[in-house]
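[1] With the sequence up front, the predicted model follows.
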2 protein chains.
Amino acid sequence: MAKITKQSENFSKWYTDVILDADLADYGPVKGTMVVKPYGFSLWTNIRNSLNQMIIDSGHENAYFPLFIPKSFLEKEAKHVEGFAKECAVVTHSKLISEDGSLTVDPDSRLEEEIIVRPTSETIIWHMFKKWITSYRDLPLKVNQWANVVRWEMRTRLFLRTSEFLWQEGHTAHATKEEAMEETLLIVDIYRKLFEEHLAIPTMIGRKSNLERFAGADETFSIETMMRDKKALQAGTSHYLGTNFGSAFDVKFQSKDNKELPVYATSWGVSTRMVGALIMVHGDDKGLKIPPKIAPTQVVIIPINPKNQKQEEFTSFVDRVNQGLVGQNVRTFIDDNNESPGFKFNKWELKGVPIRIEIGLKEFENMEVTVCRRDNSEKQQVPIDKIDEIPIILQNIQDSLFNDAKTFMDDNTCTVNTFADFTETLSNDNQFIKAYWDGTDDTELQIKEKTKATIRCILEDNEDSSNKCIFSGQTAKHLVVFAKAY
Amino acid sequence: MAKITKQSENFSKWYTDVILDADLADYGPVKGTMVVKPYGFSLWTNIRNSLNQMIIDSGHENAYFPLFIPKSFLEKEAKHVEGFAKECAVVTHSKLISEDGSLTVDPDSRLEEEIIVRPTSETIIWHMFKKWITSYRDLPLKVNQWANVVRWEMRTRLFLRTSEFLWQEGHTAHATKEEAMEETLLIVDIYRKLFEEHLAIPTMIGRKSNLERFAGADETFSIETMMRDKKALQAGTSHYLGTNFGSAFDVKFQSKDNKELPVYATSWGVSTRMVGALIMVHGDDKGLKIPPKIAPTQVVIIPINPKNQKQEEFTSFVDRVNQGLVGQNVRTFIDDNNESPGFKFNKWELKGVPIRIEIGLKEFENMEVTVCRRDNSEKQQVPIDKIDEIPIILQNIQDSLFNDAKTFMDDNTCTVNTFADFTETLSNDNQFIKAYWDGTDDTELQIKEKTKATIRCILEDNEDSSNKCIFSGQTAKHLVVFAKAY
């Protein structure tokens, strides 16, 4: 196992090293694509299952909509098309000709209308909603799908930005604006919960500015998270789409009193990008730190008995420890292959397993195990009859990872009142910077150009006319948070 | 709710009616694509979860490989390319130009190498295996993915044959031929279990003939099932791929004694097509019959109290029944909206829910419920303190659906010794016909041309030279089963 780059040396290289060396993912052959390897996929599955349960419990139903979208659908919502036209995989033919072992595209198989590989599914879903929604009885309609989507990105990075990625996308239709807005915010809260309680990632949440809003949304709410390099990562979004897609696809409903009324929409999604956030929020120079709730393996057990002394009793002791944990629904793995203990310690630290249990002859004699926490490297002895305390330690690790990340974000968030302070702060280090903004695109663009920092989200509307925009000096419209972002 | 076509009138229309009216699926906008609606997706999810558990328990790991395959990959395995070249979605461009609200493909975004949307993933997976396999320590490598694939079919039907479908595809790499063959057969057995024990579908299993084999396989084992119209549906396949893909992608491994050896492969898959099989094996003129094990709703509870008499006590009785079932992990749904009981009975029969529980005032007074089985329409009273017998009835339904289907398949399977008998049998009705075959492509093709029946699978090799091919009269090579097929 090659040593991974230190975070402090090269954060970006550290990130890639961790992914490749911990066996989370690998590069696919087509530029910008990614193979999610079993360990990474198991992590993704745990995150997905946590979120899926919350989505179902809040009254949504899973469904599946086609990958292929007719080009004409994208044309129907003006802003939506602008947002996605430049990064579309376009299917133009349906056949290859094979001659002497080499393949060419069959020109006769050219499609009448080109097909787009979905970059997101609003258009195809509202095309179907048009068929399914006629009366108030059909509303609300709340569907979700777990799917792959494609956005032809030029600069890609594993998990953070790949041409194809996995996500869930929820799409709902409502009879009123209020109900749609309530749904938008309900989802924000579900995402917050997912990040805070399952991924142990603190969040900063607010509306997006005009320039950063989803193409086709009236409002976008964003879940912003702080990485260990103090840059921001947008980790999830929930959109209030107003009647934009309803109008574009001519969806109306008959109300109880027989009026024909417009339909309000939301859409929302989180993706495999969350795995990127997880790595960069918790990881250290040894590798990953995976929060116990979503860890593929929560406890790795490493028996150390190189001379196979008292082998039978020793093995049965190891099994007893393992069974004790499995009986409490702890996800365990016994690493009994013949690498050296040191090699195994490094490997499982790299993979971010929350607890390592070492069992040597001393532990065996004393009827105890040595428990080593990945989060803070603390070691403690736990007697075999106290093995039911391991779930408590796991919960402590979960909480501690969250608290550390929260402290880190708080410590690296500041408020500035002048643009001089703003630029000085950023020249020292990355930060989340709270500041007043006049609400104009122009100011946002100029600040971005000068500092590379963007408005991550709007935290509050400003009511006090004495608060001025740090850049223009005009009366502030919003308190926002700026940061350099992924 | 429109009345569905009778099976006997038009089986094919009955099939489509059931799917659309029971809300399993709908047509997507691009020809041949399908939207899986929430009820259908929930059914698919239950099937998927059953199988996924078996796949994991037998030592496979889930992963995810990219949707996009470089065209050149398909060229590498000669038979594989022939099998898939004519039904490929080809991505040729990566950008659209938006002008005045209309979209055109940006000619400057033409890709250097065209990309194929995966019809199956052997090529991309073996490209990755080349990176991952170097030593005997890396073997066996057993991965599975749940994914969407695209095959540009001309004649499509919901669930049975759609341009895009959902499936799992397993791909394994082994050090020896024996181990790979063992894996191929292990999977056949897992599929058999899935069909028989979860979907309540009896199977006929054997090897495929040369002509029907998977493009790139040395052997294909097929799970054949009989629909209610006595036609065959190939419901799953497991392939022994020999060293075909290992050679094509130059994958070798270093053995313990330092030899460079070839790697043996398997691949295997089942798809949303299973839902089609389920519909056509169990369904009747009233609609679906879903086996309890995989039913989204196992018991629908219909309270009948139109005048709301003793409303509070009545409702609490209904809740008590429901809680009693939920406590035994029965998936229930209380249908208390204000449609008529008759309408509800029809709706849930159409949707194939295994048990309907009716609770009227009489039931309430007698502290009992009326239990109606979807499979045989039998009704019985069950006292509230015997509500724990419902899971037993569900198991009976599961068994009974399997037994009925098994009897049906057996009753419609015959053995013939002459081609005259063969054609006469088929001229009366569809059948599974067991017969001896000389093993030549030519005989198979001629029989297909004359009767439309194909060899579904090879049941046995023939050792007895007195057994002759029904068509050519030559010494038989195999005992096979013929049928008209989907």
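    Happy to help now that I have it.
[2] State the pLDDT value of A:M1.
    Note on A:M1: pLDDT of 58.
[3] Revised request: answer the last question for A:M34.
    Looking at A:M34, the pLDDT reads 97.
[4] again, but for the one 5 residues further on
    A:Y39 carries a pLDDT score of 98 in this model.
[5] Likewise for A:Y191?
    As predicted, A:Y191 sits at a pLDDT of 98.
[6] Now for the residue nearest to it when sequence neighbours are not counted: which residues touch it?
    Of all residues not flanking A:Y191 in the chain, A:G236 sits nearest, at 4.4 Å (Cβ to Cβ, 6 or more residues apart in numbering or on different chains). Backbone N, C-alpha and C define where each C-beta goes, glycine included. Shown in contact with A:G236 (Cβ atoms under 8 Å, 6 or more residues apart in numbering or on different chains): A:Y191, A:L194, A:F195, A:S222, A:I223, A:W268, A:G269, A:V270, A:M274.
[7] how many neighbours does A:K130 have?
    Residues within reach of A:K130, counting by other Cβ atoms under 10 Å in any protein chain shown, total 15.
[8] Could you list the buried residues of the host helix or strand of it?
    Applying DSSP states H and E as the criterion places A:K130 in helix A:122-132. By neighbour count with 16 or more other Cβ atoms under 10 Å in any protein chain shown, helix A:122-132 contains the buried residues A:E122, A:T123, A:I124, A:I125, A:W126, A:H127, A:M128, A:F129, A:W132.
[9] packing partners for that helix?
    Packing partners of helix A:122-132 (3 or more Cβ pairs under 8 Å, 6 or more residues apart in numbering or on different chains; DSSP states H and E): helix A:71-75, strand A:141-150, strand A:164-174, helix A:244-248, strand A:264-271, strand B:25-27.
[10] Mean neighbour count, these: which tops it?
    By mean neighbour count, with neighbours taken as mean count of other Cβ atoms under 10 Å in any protein chain shown, strand A:264-271 ranks first of those at a mean of 26.
[11] quick one, what contacts A:K468?
    By Cβ under 8 Å, 6+ apart, A:K468 lies in contact with A:Y436, A:Q474, A:T475, A:A476.
[12] Pull the number of nearby residues for the third one.
    Just to be clear, that refers to A:T475. 15.
[13] What is the burial count for the nearest residue to it once chain neighbours are set aside?
    Using Cβ to Cβ, 6+ apart and skipping residues adjacent in sequence, the residue nearest A:T475 is A:S465, 5.2 Å away. As a burial measure, A:S465 scores 8 neighbours (other Cβ under 10 Å).
[14] pLDDT wise, what is A:S465 at?
    The model reports A:S465 with a pLDDT of 93.
[15] correct me, but A:E196 touches A:P202?
    Yes. Using Cβ atoms under 8 Å, A:E196 is in contact with A:P202, at 6.4 Å.
[16] what's the first-to-last distance across stretch A:62-73?
    Using Cα to Cα, to the nearest Å, the end-to-end distance of stretch A:62-73 comes to 23 Å.
[17] how about that stretch: buried residues?
    Applying 16+ other Cβ under 10 Å to stretch A:62-73 flags A:N62, A:A63, A:Y64, A:F65, A:P66, A:L67, A:F68, A:I69, A:P70, A:K71, A:F73 as buried.
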